[in-house]
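> predicted model and sequence follow; I will ask about them next.
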Amino acid sequence: MGLLEPVDYAGPLVQVRISEPAVGVFHSVIRGRATAGAASAMIQFAEHMLAAQRRLLVFHDWEAVSGYDADARKLLTEWSQRITPYWDGSHILFSSPLIAMAVSVASLTLRGKIKTYSSRANFERSLARACAR
């Protein structure tokens, strides 16, 4: 089975582009406020990857995220806990200190599976290495 086709999600506060640039590599680019609708779209895409017998290595480009709803954080955290056996970790790029705080709180329950970046160059190098494997 080939790579999944990219998906775009737009809500009143957010735009998301979700793709699989390499087998098992989940990539999202979010602009605006991370909402429960955006989280649900990402989970649905990842579920299609899992259904195709892929493991998940996640890269979230959240540099342009202006906020992170509690419902979105709860959905993503609970879902991540459920799929832990198939999830190799998440890499998250952000610039907002509020997003950094929300991600650090979420990572406490996810046992070190989250790596954060404040440098786009470092994030993109990690993504390129994952895609080259």
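That came through, no problem.
> quick one: strands adjacent to the biggest strand by length in the chain?
The longest strand of the chain (DSSP state E) is strand 56-68. For strand 56-68, the paired strands and their directions (DSSP bridges) are strand 25-34 (parallel), strand 87-94 (parallel).
> the first one: what's the following helix or strand?
Okay, so that is strand 25-34. Downstream of strand 25-34, the first helix or strand assigned by DSSP states H and E is helix 36-51.
> quick one: that next one to strand 25-34, angle?
Per axes from the mean of the first three to the mean of the last three CA atoms, to 10 degrees, the angle that helix 36-51 makes with strand 25-34 is 170 degrees.
> so what pLDDT did Ser104 get?
On pLDDT, Ser104 comes in at 62.
> check Leu76 too.
Per the predicted model, pLDDT is 88 at Leu76.
> touching, it and Ala39? I think so.
Yes. The criterion here is CB atoms under 8 Å, and Leu76 meets it with Ala39 at 5.0 Å. Placement of C-beta: from N, CA and C, glycine included.
> need phi/psi at the closest residue to Asp8 other than its chain neighbours.
What sits nearest to Asp8 in space, not counting adjacent residues and going by CB to CB, 6 or more residues apart in numbering, is Arg17, at 5.5 Å. Phi and psi for Arg17, reported as degrees, to the nearest 10, are phi -120, psi 120.
> for Arg17, give me its contacts.
Pro6, Val7, Asp8, Ser28, Val29 (CB atoms under 8 Å, 6 or more residues apart in numbering).
> need the helix or strand of this protein with the lowest average pLDDT.
The helix or strand of the chain with the poorest confidence is helix 97-108; it has a mean of 62 (mean pLDDT, DSSP states H and E).
> partner strands of the following helix or strand past that one, parallel or antiparallel?
The first helix or strand that comes after helix 97-108 along the chain, using DSSP H and E, is strand 114-117. Counting by DSSP bridges, the strands paired with strand 114-117 are strand 87-94 (parallel).
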